[in-house]
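Colleague: sequence and predicted model, in that order:
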Amino acid sequence: MTAERTYTITELAREFGITPRAIRFYEDQGLLTPDRAGRARVYSRADRTRLKLSLRGKRLGLTLAEIKEILDMYGGASNTAPQLDRFLKVLGERRAALAQQLEDIEVVLGEIDMLERQCRDLLDHRTSDQAQNQGT
């Protein structure tokens, strides 16, 4: 019988490009539950997968509570439909929020364009006014 592959906090931190402190924070939030070998944390393949999915969720802009809820729904169950339905709902909400942010950014960029044009026009008028005043 082969022992399951385990990971140290240092290995996971290096693999995912995060600090051990960040991993401990995810533990505090209940996203990871490593075993202990004395004082050392021992992470299972499931912990590694949960960390990977947690980091992906953070990149998508999900809250830790949302990530935990989705991960906790799985728990090795053979029926993943509830988890997938919830994930689709969260993704839809995130997509709508990002679409609104994109729209807001486009409005602000339009305002910046207008203000830049106004500033350039004012500078052009001042330059031409100065040239006229020097010519007289």
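Modeller: Received, thanks.
Colleague: mind checking the end-to-end distance for stretch 25-32?
Modeller: One end of stretch 25-32 to the other measures 9 Å (Cα to Cα, to the nearest Å).
Colleague: average pLDDT for that stretch?
Modeller: Computed over stretch 25-32, the mean pLDDT rounds to 96.
Colleague: helices and strands around the longest helix along the chain, which ones?
Modeller: Determined from DSSP state H, the single longest helix within the chain is helix 81-135. In terms of contacts (3 or more Cβ pairs under 8 Å, 6 or more residues apart in numbering; DSSP states H and E), helix 81-135 is packed against helix 64-74. The C-beta positions use only the backbone N, C-alpha and C, and glycine is treated the same way.
Colleague: show me how far the helix it packs on is from its chain's centre.
Modeller: Taking the mean of its C-alpha atoms, helix 64-74 sits 15 Å from the chain's own mean (Cα atoms, centre = their mean, to the nearest Å).
Colleague: one more: stretch 105-114?
Modeller: 25 Å.
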